Structures are given as structure tokens and as C-alpha cells.
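Colleague: I'd like to go over a predicted model; first the sequence, then the structure.
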Number of protein chains: 2
Amino acid sequence: MAPQTKTRTLSTADERRETLIEAALPVFGRRGFHAASTVEIAEAAGISQAYVFRLFPTKVDLFVAAAAEGSRRMLATFRAASDDARSSGTDQLEAMGRAYTGLVERDRDVLLMQLQSQVASPGEPKIREQMQSCFREIYELVAGRSGAGAEEMRAWFAHGMLCNVMAAIEAENLKDEWARALTAGD
Amino acid sequence: MAPQTKTRTLSTADERRETLIEAALPVFGRRGFHAASTVEIAEAAGISQAYVFRLFPTKVDLFVAAAAEGSRRMLATFRAASDDARSSGTDQLEAMGRAYTGLVERDRDVLLMQLQSQVASPGEPKIREQMQSCFREIYELVAGRSGAGAEEMRAWFAHGMLCNVMAAIEAENLKDEWARALTAGD
DNA sequence: GAGGTGTAAGTTAGCACTCACTCACACTTT
DNA sequence: AAAGTGTGAGTGAGTGCTAACTTACACCTC
């Protein structure tokens, strides 16, 4: 790139925006849109609250950016799993399903962010639009790669949604029959 | 409006608590735990905000009561559908599934409350406990009546969760392929 | 020195929750 | 049957706190 000075102390706004999004994702994911405060997020990102509002005009815009980042991570995971399955010849749909449960264990924040975005959707049109395109992109990728039909796709997504909910209510550590049955295969 | 009556008739605290819960459910469902204010709920119930806190010690307790009411409505719906299916000899699991999609259309607040309770669970132990017992009760009722095994139950719940999410992001009016596929059967 | 990076110190609005108080009314007492 | 009285129903007007967002200014970098 540019012959930049090695002693630069300031970041570019774009770099900061990137780190801010990364810091915001887990906070929004764990606390939700309304309960997460911009002060908390600013602290997590290591910048002042004022600068948050220089980088994103409103809290909603920051939330949408974080949701988009979550969506990007999911897509990347699916794409990688599909590539693997393609070369090893295993079932595409199953491979991508496994990739999701793997992601969920490794990077729980993405899952929580997904859930939080879903419930924030009815009240915030910008978030709703982001969620709709998230579903569209995943659907197109997964259906395209696997060749699965509508019925199969519905079952595949449904299972993913169940995983999310079971994680949110922390059913996986419970010994009860219902919890065992509903978290099986995660 | 009627000329300010000098006399007001009092209810019992239990009656008021009941109407308060009924008023709170849609507000919490649509706005979420944190975004819904106790002022808004008090107005919906037609009482003063101060009295809300006489009837429930904290906002969380009110939320849990509203979630429990939602859970009760779902259980009643399933029980009725199961009774019907029993006398007409149709499939129990399918009958209860249909009953759910019917409930969701008729009484969307119950669905939204369910979703809001799910995401509020990680942060509020009381809410989480309520959600877990909600799932347990539904599981026991549905598994008991239908005789379905773990695998079948998982698919049944998964489909329900997908319905919830599709409703939250308002996918049902969309024409796109993904939206059509994922909302089919609702 | 112009323009981008960054912040300390606000402002305004809304929140959950409290307090001191009034009113309705069932149940005596006369 | 009228007057008195005890108690639960109900509220207006706060409290202190925290939220999102702004302004004015300092400091880098080129």
C-alpha cells in the first residue's frame, strides 16, 4: 500500500470502525440492543463514547453493522465447510449443519447476536432488513451448494433455530428428558 | 368521554394483577423487556405506574408473570387440539402443530412474548427458569399425548422455532424464494 | 495549516422505583 | 339508619440514575 510511517499512533477511521464492530458484537449479543449501552461498547473497543458516535451516526446503525459482521462470519463458515465437503465428497447439507454447530460452540457471540437481531427486528426496520438479507444470503448459499429442495431447507433452518434457542435458555447442561431430546445432535 | 364520575369502584388486588398481566403481555412482546417501560404498561392497564409496583415488586417479576401467562395460553391450545384429535382420530403431533400456527395467527402477542423471553433469558435468571419450565411443560404434554420419540419431538419443536423467527422478521409477506420456502406450512 | 483522529465535559430525556397521601367501602357501634 | 372506624385500593409528584447523543476543543499527520 502506501509508504506509511511506521510510527503512526492514530488509526484510520475505517480501522477503528472495524475494531468497534468487533467489540460491539459480543456486547450486543449478550445484552441485547436496548440493554447494551454505548458506553459499555466504547470501553470494550478502547475508545471514548463520543467517538462511537463519530464513527456511526446512531446506535441502530452500529447494531446493524455488528449484525452484518455476524452474518458474514456465518457465511464464511458455511462456504468453508461446503468446500471441504466438495473435496471429500460428503453430504453438503450435513457438512454445513455440522459447521454451524461447530461455530456456535466456538463463537457463541455470533449466535447470540443472531437471536438478538431477530427480536429487535419488529421494532427497528433497519435491523429487520439486515436480518432478511442475512437469511436470503444463507439460503441461497446453502441451497445452491447442496441442491436441497424447499422442504429439506426448511428442516435444515428449523434445526438451526432450535439450536439457537436451546443455547439461549441454557438447556444443554440440563439433565431433564426434554432438554436432552431437544439438544441432541448439537 | 364521560363526565368525571366522583365515584370510582375498586377491584381486588388479584383482579388487578390479572388485568395488568394481560395488558403487559403485548407490550413486553412487541417492545421487549428493556424497551417496554412500566409507564407504558401502566397506561395500557389503566392504572397508575405506582400501583404497578404495589402489585409486582419489580419489573422482572411482572415480566415473568406475563411469560407464564403466554405459556399457559399455549398449553391450553395444545390440550384442546389434542382432545379434538383424540375424538376425531387424526394425528396428535400434526394436530398440535396446526394448533400452534393457528394460535400464532390469532394471537401474535404470545409468540412475540415467547421470543422476547428467550433472548431475555441469558441476562435474567428468573426469566430463564420460567422459560425452561415452559419448554418442559410443553414437551411433556406433547410427547405424552402424541407418543412421539425424541427425534420426532425435536423436529416438531424446531419447526415451531422457525415459525417464530419468520414471524419476527416478517418473512411471510415476502415473495422471495427463501421466504416462501421457510414459511411454507405456517 | 488544513483536515482527519480523538476526547472531556456536557445536555436532555426517560427510566425504575418510592413516598406521602387520599379514597372506597365493609363492618361496627349507637 | 346514621355515624364512626379500620384497611386495602389507588395515585401525584417526586428521587436519583443512566441512557443516547452533542459541543468545543486538542492533537496528529501530511
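Modeller: Nice, thanks for sending it over.
Colleague: In chain A, where's the longest helix?
Modeller: Secondary structure of chain A per DSSP state H: the longest helix is helix A:59-88.
Colleague: Could you find the closest non-adjacent residue to A:A143?
Modeller: In this structure, A:A143 finds its nearest non-sequential neighbour in A:M153, 5.6 Å apart by Cβ to Cβ, 6 or more residues apart in numbering or on different chains. C-beta coordinates here come from the backbone N, C-alpha and C atoms, glycine included.
Colleague: Just the pLDDT for the spatially most central residue of chain A.
Modeller: Taking Cα atoms, centre = their mean as the criterion, A:G70 is the residue nearest the geometric centre of chain A, at 2.6 Å. A:G70 is assigned 97 on the pLDDT scale.
Colleague: Next: A:A44.
Modeller: Looking at A:A44, its pLDDT reads 94.
Colleague: That one: what's it in contact with?
Modeller: A:23-24, A:26-27 (Cβ atoms under 8 Å, 6 or more residues apart in numbering or on different chains).
Colleague: re earlier: show me what the helix or strand just after the longest helix of chain A is in contact with.
Modeller: Remark: after helix A:59-88, the chain's next helix or strand is helix A:92-106, criterion DSSP states H and E. Contacts to helix A:92-106, defined as Cβ under 8 Å, 6+ apart, come from residues A:73-74, A:77-78, A:80-82, A:84-86, A:110-111, A:142, A:145-148, A:152, A:156, A:159-160, A:163-164, A:167, A:185-186.
Colleague: Would you mind listing which of those are buried?
Modeller: Buried members of the contacts of helix A:92-106, scored by 16 or more other Cβ atoms under 10 Å in any protein chain shown, are A:73-74, A:77-78, A:81-82, A:85, A:110-111, A:142, A:145-146, A:148, A:156, A:159-160, A:163-164, A:167.
Colleague: need the helices for chain A, in chain order.
Modeller: Counting by DSSP H, the helices of chain A are A:13-31, A:38-45, A:49-55, A:59-88, A:92-106, A:108-120, A:125-146, A:150-168, A:177-183.
Colleague: how close does A:W178 get to DNA strand C?
Modeller: 31 Å (Cβ to the nearest atom of the strand, to the nearest Å).
Colleague: Burial check on that residue, number of neighbours?
Modeller: Per other Cβ atoms under 10 Å in any protein chain shown, the neighbour tally for A:W178 reads 22.
Colleague: re the thing from before, so the longest helix of chain A versus helix A:150-168, what angle?
Modeller: 120 degrees (axes from the mean of the first three to the mean of the last three Cα atoms, to 10 degrees).
Colleague: Any residue of helix A:59-88 touching DNA strand D?
Modeller: Yes. Applying Cβ under 7 Å from any atom of the strand, one finds helix A:59-88 touching DNA strand D at A:59-60.
Colleague: Who's the closest spatial neighbour of A:E170, skipping the chain neighbours?
Modeller: B:R128 (6.5 Å).
Colleague: can you check A:A65 too?
Modeller: A:I21 (5.1 Å).
Colleague: and the gap between that neighbour and chain B?
Modeller: Separation of A:I21 from chain B (Cβ to the nearest Cβ, to the nearest Å) stands at 20 Å.
Colleague: Would you mind confirming that that residue is in contact with A:F63?
Modeller: No. In this structure, A:I21 is not within contact of A:F63 by Cβ atoms under 8 Å, at 10.0 Å.
Colleague: More neighbours: these two, which one.
Modeller: A:F63 (26 against 20).
Colleague: can you list contacts of stretch A:120-127?
Modeller: A:32-33, A:60-61, A:63-64, A:67, A:117, A:128, A:131, B:30-32, B:35, B:112, B:168-170.
Colleague: what about 6 Å?
Modeller: Here stretch A:120-127 makes contact (Cβ atoms under 6 Å, 6 or more residues apart in numbering or on different chains) with A:33, A:60, A:64, A:117, A:128, A:131, B:168-169.
Colleague: Flag every buried residue along it.
Modeller: A:120-122, A:124, A:127.
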